[in-house]
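Student: Turn this into a structure:
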Amino acid sequence: MNTNTKTEHLRRTKILATLGPATDEDKVFNKMLKHGLDVVRVNFSHGVEKDHVDRIERVRRLSREFGRTVGILVDLQGPKIRIGKFSERKITLNETDEFVLDSSLKGAVGDQYHVGVTYKPLAKDVKIGDRLMLDDGLIELQVTAIDGLSVITEVIIGGVLSDSKGLNLAGGGLSAAALTEKDKADILTAAKVGADYLAVSFVTCAADVELARKLLREAGGQGLIVSKIERAEAVEQHVEIIDASDAMMIARGDLAVEIGDAELPAIQKILINAARERNCVCITATQMMQSMVESPIPTRAEVLDVANAVMDGTDAVMLSAETAVGAHPDKVIEAMARICLGAERHRLSRTSRHRVDEPLNDVEESIAMGAMYIANHLGVRAILALTESGQTAKLMSRISSGIPIMALSRSAATVHRVTLYRGVYPVLWDIDRNSEVAPPFQAVEVLRGLLKLDSGDTVLITFGDLEGVEGNTNTLKLVTIP
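Tutor: Just a heads-up that it's a prediction; the model follows:
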């Protein structure tokens, strides 16, 4: 049996942390596990295949030794549009300077006047008056003319510009496909390592999600698809993207550059709410604890940022540079766990009207919603979901509650999958077919080994009549602890 639940005070919001050089020492990673790491992100934008495979194998070995179930999320690079390199590594742009982005330039030939661009159709996708944002919006250019493959701009906000910084079009509109040739090769690697989740960058529509799923399945991968919302077009199409996805990531870096930072807070709330309403898992990401790349403690603003995402209902909060290259990867996990627990104690994190006024789609969702209604109103101590796919547990997790949902499954893929679901705790377990005790009551005995239960406590169990059949959950049972 493998479980993430060792104490009575369980954090419901999951913590997703990016691997990198700072997490490569076993003792550091073990501290991250101790403080509550749930899922790791392997960023395919950096490093080579061997780096990624080695890190994933190491995570599995250490988490197994530690007795924890840790999910693996592979994050594709996508069509990240970047400028080229400078002959002197960096330049300084001043306001009103003329600066040319030329997609015909190759190599480290950039200077004070022009630089190459990795995106060939840039000149076709922009028009005079458009604003181009470099280096996550720190530098702003306005298009003044277009000449062949050259986009001539005026510097609106200047600053130091170095090699290979990202480029965004304010308001969106660049036509780059979501999956590059590199991404397609990386999908093969994700399938080979058995990634639990595949994150697709710069999604613009449901077709992008469906293509990624098709390529992953053809490669033999069974992971779930995470759509990263980081383009203005994705915000406009967020409902169809959510419906096509298993999970959604609010990638606030590029998204804020495209839609404007003032629009981001409201959009984040809209996206979290839409994901929960449509039974999709939601990850909130980017600069959540950015100061902790160097500092051992977060700023008050970062505490509020994480807490607000938790109270809005996000399933998971994500760390990027904070753990990948930060000075205190374990302390970041510890601080984030503490903040999540604090926010979850607020009543806003425990109330929900999910699907109250809407028809339910099927028997499994009806059982899940009925179970949560009973559990919340009857004072149930814990919920046990005997599940093949984890779907029942996910449906339950859409209802805000302080009651732990234990997902008991014989499928290793399922218990890794549920590591990202809010309020759901994975338990690898199979029925003892030689026992005279019925499976639901066997499950109760498993629960007694995980949580401190008192005589008279009530637990709720959901299961299906047909063992081994996905989507078969059709029964709920209340059991009083003797």
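Student: Ala407 is in what secondary structure piece?
Tutor: Assigned by DSSP states H and E, Ala407 belongs to strand 405-409.
Student: Quick check: buried residues in the helix or strand hosting Ala191?
Tutor: According to DSSP H and E, Ala191 maps onto helix 181-193. Judged by neighbour count using 16 or more other Cβ atoms under 10 Å, the buried positions of helix 181-193 are Asp183, Asp186, Ile187, Thr189, Ala190, Ala191, Val193. (C-beta placed from N, C-alpha, C; glycine too.)
Student: tell me the contacts of the closest residue to Ala307 other than its chain neighbours?
Tutor: Of all residues not flanking Ala307 in the chain, Ala343 sits nearest, at 3.9 Å (Cβ to Cβ, 6 or more residues apart in numbering). Applying Cβ atoms under 8 Å, 6 or more residues apart in numbering to Ala343 gives the contacts Thr13, Val306, Ala307, Asn308, Val310, Met311, Ser349.
Student: neighbours around the first one, how many?
Tutor: So that's Thr13. Other residues within reach of Thr13, judged by other Cβ atoms under 10 Å, total 26.
Student: backbone phi and psi for it, please?
Tutor: Dihedral angles phi and psi of Thr13 (degrees, to the nearest 10) take the values phi -70, psi 130.
Student: thought it was touching Met318?
Tutor: No: assessed by Cβ atoms under 8 Å, Thr13 is found out of contact with Met318, at 11.0 Å.
Student: just to revisit the earlier point, could you grab the helix/strand/coil label for the residue nearest to Ala307?
Tutor: Three-state call for Ala343 (DSSP: H, G, I helix; E, B strand; the rest coil): helix.
Student: so what's it scoring on pLDDT?
Tutor: In this prediction, Ala343 carries a pLDDT score of 95.
Student: What separation is there between it and Tyr421?
Tutor: Per Cβ to Cβ, to the nearest Å, Ala343 is found 18 Å from Tyr421.
Student: In this protein, which helix is the longest?
Tutor: Ranked by residue count and defined by DSSP state H, the top helix of the chain is helix 49-66.
Student: Going by neighbour count, list what's buried in that one.
Tutor: Those would be Asp51, His52, Arg55, Ile56, Arg58, Val59, Arg60, Leu62, Ser63, for helix 49-66 by 16+ other Cβ under 10 Å.
Student: Other residues contacting it?
Tutor: Contact with helix 49-66 is made by 2, 19, 23-24, 26, 29-30, 33-34, 40, 42, 44, 69-70, 72, 74, 189, 192-193, 195, as judged by Cβ under 8 Å, 6+ apart.
Student: Kindly supply the ChimeraX command isolating those of those that are buried.
Tutor: Selection command for ChimeraX covering only the buried members of these, criterion 16+ other Cβ under 10 Å:
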select :2,19,23,29,30,33,40,42,44,69,70,72,74,189,193,195
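Student: Just the ones of the contacts of helix 49-66 in helices?
Tutor: Per DSSP H, these map to helices at Asp26, Phe29, Asn30, Leu33, Lys34, Thr189, Lys192, Val193.
Student: now those in TSV, with pLDDT?
Tutor: Below are the ones in helices among the contacts of helix 49-66 laid out as TSV (pLDDT from 0 to 100):
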residue	pLDDT
Asp26	97
Phe29	98
Asn30	97
Leu33	97
Lys34	97
Thr189	98
Lys192	97
Val193	97
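Student: Sort out which residues of the helix or strand harbouring Ile146 are buried, please.
Tutor: According to DSSP H and E, Ile146 maps onto strand 139-147. Neighbour counts using 16+ other Cβ under 10 Å place Ile139, Glu140, Leu141, Val143, Ile146 of strand 139-147 among the buried residues.
Student: Go through those and name the one nearest Gly221.
Tutor: Proximity of the buried residues of strand 139-147 to Gly221, judged by Cβ to Cβ, is greatest for Ile139, which lies at 38.5 Å.
Student: Can you tell me, leaving aside adjacent residues, what's nearest to the closest one?
Tutor: In space, and not counting its chain neighbours, Ile139 is closest to Gly159: 5.2 Å by Cβ to Cβ, 6+ apart.
Student: What of Ala108?
Tutor: Of all residues not flanking Ala108 in the chain, Lys85 sits nearest, at 3.9 Å (Cβ to Cβ, 6+ apart).
Student: Poorly predicted segments of the stretch 201-350 of the chain, please.
Tutor: For the stretch 201-350 of the chain, applying pLDDT under 70 flags the ranges 348-350.
Student: mind listing the helices for it?
Tutor: In the stretch 201-350 of the chain, the helices defined using DSSP state H, counting those that start in this stretch lie at 206-218, 232-236, 238-244, 252-259, 264-277, 300-312, 321-324, 329-344.
Student: related to what we said a few turns ago, kindly reformat the ones in helices among the contacts of helix 49-66 as JSON lines containing distance to Leu447.
Tutor: Below are these laid out as JSON lines (distance: Cβ to Cβ, whole Å):
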{"residue": "Asp26", "distance to Leu447": "32"}
{"residue": "Phe29", "distance to Leu447": "29"}
{"residue": "Asn30", "distance to Leu447": "27"}
{"residue": "Leu33", "distance to Leu447": "23"}
{"residue": "Lys34", "distance to Leu447": "23"}
{"residue": "Thr189", "distance to Leu447": "38"}
{"residue": "Lys192", "distance to Leu447": "36"}
{"residue": "Val193", "distance to Leu447": "32"}
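Student: Report how many residues lie close to the closest residue to Ala191 other than its chain neighbours.
Tutor: Of all residues not flanking Ala191 in the chain, Gly221 sits nearest, at 3.2 Å (Cβ to Cβ, 6+ apart). A count of neighbours around Gly221, defined by other Cβ under 10 Å, yields 22.
Student: How about the one 3 residues further on?
Tutor: A count of nearby residues for Leu224, using other Cβ under 10 Å, gives 22.
Student: Bridging across strands, which residues link to it?
Tutor: Note on Leu224: beta-bridge partners by DSSP bridges are Tyr197.
Student: how far away is the closest residue to Ser291 other than its chain neighbours from Leu319?
Tutor: Leaving aside its sequence neighbours, Ser291 sits nearest to Thr299 (Cβ to Cβ, 6+ apart; 5.0 Å). Going from Thr299 to Leu319 by Cβ to Cβ gives 15 Å.
Student: Among the two, which residue is more densely surrounded?
Tutor: Set Thr299 next to Leu319 and count neighbours by other Cβ under 10 Å: Leu319 wins out with 27 against 13.
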